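# Structure for this input, please:
(one chain, ligands or ions: 1)
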Amino acid sequence: MTSKSAPVDRARPVAEQALNHSGVDRTSIGKLVREFYAKVRQNERLGPIFAREITGDWEPHLEKMTDFWCSVILKSGDYHGRPVPAHLKLKDVTEADFDIWQALFGQTSAELFAPETAAVFVDRAERIAASLKLAMFFRLGPAAPGAGQ
Ligand code: HEM
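Numbering: from 1, shown residues only. Okay, here's the model as predicted:
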């Protein structure tokens, strides 16, 4: 066994490479997911949104989110869902709710991981949140005068 890190593949964008930081594996990612959703459930704004959607056992959601983050961070390929439709149906979520979500996620990542590792989780979450927000909230403005509609 060697503790030497795998070489960084400079030919591929960083977001496509599996993170190779020590202490980042399915166990620690599962802990992040569980501690994050414990905070979400206690939050006065996000708690009720999740309580309406997840009415029974939380375990399948926590496992799915662990698959999701293992796919994002470790490129494990464990997650096969579709995040956009799952969020489009949440009619009462606002852009400000995403700020709360991201603050709680950043706080939990910082509690569990070294700063440079937490920064990678936060960066990935920000990128995915941006694309979810685009799908949920972006609307074309009114047609320009003379546009024919
Ligand atoms: C205010 C912000 C957000 C709210 C209120 C929210 C809420 C939810 C809810 C209620 C579900 C469905 C749970 C279930 O039935 O299993 C869900 C699923 C999910 N969320 Fe979010 N979410 C938010 C932001 C995010 C962000 C920023 C990410 C990623 C970085 C994310 C990733 C996911 C994924 C991967 C699923 C599973 C989709 C599937 O495959 O079914 N969510 N979210």
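# and the longest helix along the chain, which residues are buried?
Among the segments of the chain that qualify as a helix by DSSP state H, the longest is helix 115-137. Using 16 or more other C-beta atoms under 10 Å as the test for burial, helix 115-137 gives T117, A118, V120, F121, V122, R124, A125, A129, L132, M136. Bear in mind the C-beta positions are built from the backbone N, C-alpha and C, glycine included.
# what does it contact?
With C-beta atoms under 8 Å, 6 or more residues apart in numbering as the test, helix 115-137 has contacts from 15, 19, 21, 23-24, 32, 69, 72-73, 83-84, 87-88, 90, 93, 95, 98, 101-102, 105-106, 109-110, 112-113.
# Let me see the confidence value for E16.
Note on E16: pLDDT of 72.
# if I look at the closest residue to the ligand within the chain, how far off is G47?
Nearest residue of the chain to the ligand, counting by C-beta to the nearest ligand atom: G81, 2.2 Å away. In this view, G81 and G47 are 22 Å apart by C-beta to C-beta, to the nearest Å.
# Tally up the residues packed near the residue of the chain closest to the ligand, please.
12 (other C-beta atoms under 10 Å).
# in what helix or strand does it lie?
Here G81 sits in a region with no helix or strand, counting by DSSP states H and E.
# Now do the contacts for it.
Residues near G81 by C-beta under 8 Å, 6+ apart: K64, F68.
# for it, phi and psi?
phi -90, psi -170 (degrees, to the nearest 10).
# low-confidence ranges in this structure?
Along the chain, the model assigns pLDDT under 70 to residues 1-9, 14, 143-149.
# can you map out the helices along the chain?
Secondary structure of the chain by DSSP H: the helices cover 26-42, 46-53, 59-74, 83-88, 95-112, 115-137.
# Save these as a markdown table, and put in distance to R10 too.
Shown next, in a markdown table, are the helices of the chain (distance: least, C-beta to C-beta, whole Å):
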| stretch | distance to R10 |
| --- | --- |
| helix 26-42 | 25 |
| helix 46-53 | 39 |
| helix 59-74 | 19 |
| helix 83-88 | 29 |
| helix 95-112 | 26 |
| helix 115-137 | 17 |
